[in-house]
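> Generate coordinates for the sequence data below:
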Amino acid sequence: MADAYDVVVIGGGPGGYAAALYGAAAGLNVALIERDKVGGTCLHRGCIPAKEFLETAAVWRTVGDASEFGITAGAPTIDFSVSQARKGSVVSTMFQGLSGLLKNRKVTVLSGTGQLGPNKTVTVLDGEDAGTTLTGANIILASGSVPRTLPGLEVDGKVIVTSDEFLDLETLPSSAAVIGGGAIGCEFASMLSDLGVKVTIVEGLPSILAACDADVTAVINRSFKKRGIGVVASATVTGHTPSASGTTLHLEGAEDLEVDMVVVSVGRRPRTEGLLADGTGVEIDERGFVVTDERMHTAAEGIYAVGDIVAGTPQLAHVGFAEAVVAIKEILGEGGTPVDYSRVPWAIYCHPEVAFAGLTEAQAKEQGYDVVTKKDPFGGNGRARIIGDFEGMVKVVAERDADGNAGRILGVHMVGPWVTEQLGMGYLAVNWEATASEVAEFIQPHPSLSETFGETMLALAGRGIHVG
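Numbers count the residues shown, from 1 in each chain. Take a look at the predicted model:
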């Protein structure tokens, strides 16, 4: 006999465990199947480990610049194994907390690979609970994703690595090529450069961070160039020739590149192989993603999908959280608000940081909006000057009203110190469709980094104090 639940969740990453916890909080009887450890890629091989290493880089910069504050310190050196151990401690603490939370909410957690069969039956194929069969009145698919690789760059875990292997390194290479200039690639390149590694980013598109506003990308390009991070754009990797100490990358559109390590960062693919047995009725597209509607329903009644496996959505942990809430509210009959993917917050933790929500200036114009924009640099911000980190700016894109003034906020784009922690107001402005004059009335504490956002809005509304 199969164990019966209100909800069976396949996958314990951000989307999966969020669905389990949110559903259990509402009184649903929930089972969660995870093939590795709850927390998924985000906690164990992604967001949390990567940001721990980026924080190591930030501490390195702080120590290196200490003399500017009158503090005498020697030139910093690094024992990366210590940072690795600290990362392990952070991850372990969060894993234990999450496991305890699931237990306290009485979520049944099973270890193994879950496979959905007909009639909402789920079988655990391997692991400690292999052979267990469950049925659910509702099923949520949340099996996550894995790093994409490139033909001719077979991962060996030493010279050719993905984010999975990179985040387990005990020592750093002397030189590295990062293949892919998106968010993850720029984070890795920034961190490696700060810690003394000679880094080159290889990007197939004409620019790194192609999804960002052009003014933001320009700031990152200038910063990376100043720090010695090489960028080879419009180039394609055709293969490599290993050597005793590393390898030589062969590029179409650029010269060969000799490095000690290659970090492949070209996105992630959905983990849907073997997820579905025959007869489930769930639709998978040509790229392997699960097709859903805006409320996370798949083509099969009572079966939902959330997180990285969903077609046409950003592969962001917080998007998985939001989708999980939508799915559970649908199950409860509460009718949750669908996720507006064009307005979700983005955070990129390179140095300087990048954060944005809504349309870029180019996107707004392409969609037919008559736009008004305003930019304010962090160079004039008192708190930024105090902390000695003032590279960057805030840019706001607004719709032009009939009177010629700035109206509805279409996009907020930030690059600079701690902007990933400042985006909240910008996200609210975009999603509440607030106008420039409404947001300009927000009072910002002084001195604070968030004043730059406030000054930008005041100027956009027509009467800036420190900005024209």
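> which residues touch the most centrally placed residue in the chain?
Centroid-nearest residue in the chain: Leu316, 4.5 Å away (criterion: CA atoms, centre = their mean). Applying CB atoms under 8 Å, 6 or more residues apart in numbering, we find Leu316 in contact with 344, 346. For the C-beta atoms, the positions are set from N, CA and C on the backbone; glycine is no exception.
> what's the answer for Val30, then?
Per CB under 8 Å, 6+ apart, neighbours of Val30: 5-9, 19-20, 23-24, 105, 107-108.
> Likewise for Asp389?
Neighbour list for Asp389: 352, 378, 416-417 [criterion: CB under 8 Å, 6+ apart].
> please redo it, this time with the cut-off set to 7 Å
Contact analysis of Asp389 by CB atoms under 7 Å, 6 or more residues apart in numbering lists Pro417.
> Look up how far Val109 lies from it.
Remark: distance between Asp389 and Val109 (CB to CB, to the nearest Å) = 42 Å.
> Equivalent analysis for Thr298, please.
23 Å.
> between these two, who's got more neighbours?
Neighbour count, other CB atoms under 10 Å: between Thr298 and Val109, Thr298 has more, with 24 against 18.
> Quick check: chain neighbours aside, which residue is closest to the more buried one?
Val282 (4.7 Å; CB to CB, 6 or more residues apart in numbering).
> Share the number of residues neighbouring Ala347, please.
Ala347, neighbours per other CB under 10 Å, totals 19.
> Can you classify Ser99 by secondary structure?
Using DSSP: H, G, I helix; E, B strand; the rest coil, the structure places Ser99 in helix.
> need the contact list for it.
Contacts of Ser99 (CB under 7 Å, 6+ apart): Val38.
> In stretch 324-338, which residues are buried?
For stretch 324-338, the neighbour count (16 or more other CB atoms under 10 Å) marks 324-332, 336 as buried.
> Name the spans of the chain whose pLDDT lies under the cut-off.
1, 468 (pLDDT under 70).
> go with 90
Filtered on pLDDT under 90, the chain yields the residue ranges 1-3, 73-75, 152, 169-170, 245, 335-336, 462-468.
> what residues go with each domain of it?
3-146+269-341, 160-266, 352-460 (automatic domain parsing).
> Quick one, which of these gets closest to Leu153.
Set against Leu153 and scored by CB to CB, the domains of the chain come closest in domain 160-266, at 5.3 Å.
> ends of that closest one, how far apart?
13 Å (CA to CA, to the nearest Å).
> Check stretch 339-359 too.
16 Å.
> So which residues of this protein form helices?
Remark: helices assigned in the chain by DSSP state H are 14-25, 40-45, 47-64, 80-104, 163-166, 183-194, 214-226, 317-332, 361-366, 382-387, 423-431, 436-440, 451-460.
> Which other helices and strands does the last one contact?
Right, the one you point to is helix 451-460. strand 371-377, strand 393-400, helix 436-440 (3 or more CB pairs under 7 Å, 6 or more residues apart in numbering; DSSP states H and E).
> same thing with the shortest one?
Counting by 3+ CB pairs under 7 Å, 6+ apart, no packing neighbours are recorded for helix 163-166 among the helices and strands.
> Around the nearest residue to Ser143 once chain neighbours are set aside, how many other residues sit close by?
Among residues not flanking Ser143 along the chain, Gly11 sits closest, at 4.2 Å (CB to CB, 6+ apart). A count of nearby residues for Gly11, using other CB under 10 Å, gives 32.
> shouldn't Gly11 be in contact with Gly144?
Yes: between Gly11 and Gly144 there is a contact under CB atoms under 7 Å: 5.5 Å.
> that older thread, please identify which of the buried residues of stretch 324-338 is nearest to Asp194.
Nearest to Asp194 out of the buried residues of stretch 324-338 is Ala324 (CB to CB; 34.4 Å).
> residues in contact with that closest one?
With CB under 7 Å, 6+ apart, Ala324 has these contacts: 15, 18-19, 22, 306.
> Gly288 too?
269-270, 272.
> how does it look with 6 Å?
Shown in contact with Gly288 (CB atoms under 6 Å, 6 or more residues apart in numbering): 270, 272.
> Check the gap between it and Glu366 for me.
29 Å.
> With Val412 instead?
18 Å.
> who has more neighbours, the two?
Legend: neighbour count by other CB under 10 Å for Val412 and Glu366, higher for Val412 (30 against 10).
> Find the nearest non-adjacent residue to His446, please.
Nearest to His446 is Gly382, by CB to CB, 6+ apart, at 7.4 Å.
> ok, now Asp401?
Gly407 (3.9 Å).
> What of Asp340?
Asn431 (7.0 Å).
> so how many other residues sit close to that neighbour?
15.
> Can you give me every residue that contacts Cys186?
Contacts of Cys186 by CB under 6 Å, 6+ apart are Cys350.
> mind starting the numbering at 883 from now?
Sure, I'll start numbering at 883, so the last one becomes Cys1068.
> any idea how far it is from Val1221?
25 Å.
> again with Val1141
39 Å.
> How about Met976?
Taken as CB to CB, the span from Met976 to Val1221 is 24 Å.
> So which of those two has more stuff around it?
Ranked by neighbour count (other CB under 10 Å), Met976 and Val1221 place Val1221 first, with 22 against 15.
> Measure how buried the residue lying closest to the more buried one once chain neighbours are set aside is and give me the count.
Nearest residue to Val1221 in three dimensions, chain neighbours excluded: Ala1204, at 4.9 Å (CB to CB, 6+ apart). Ala1204 has 23 neighbours, counted by other CB under 10 Å.
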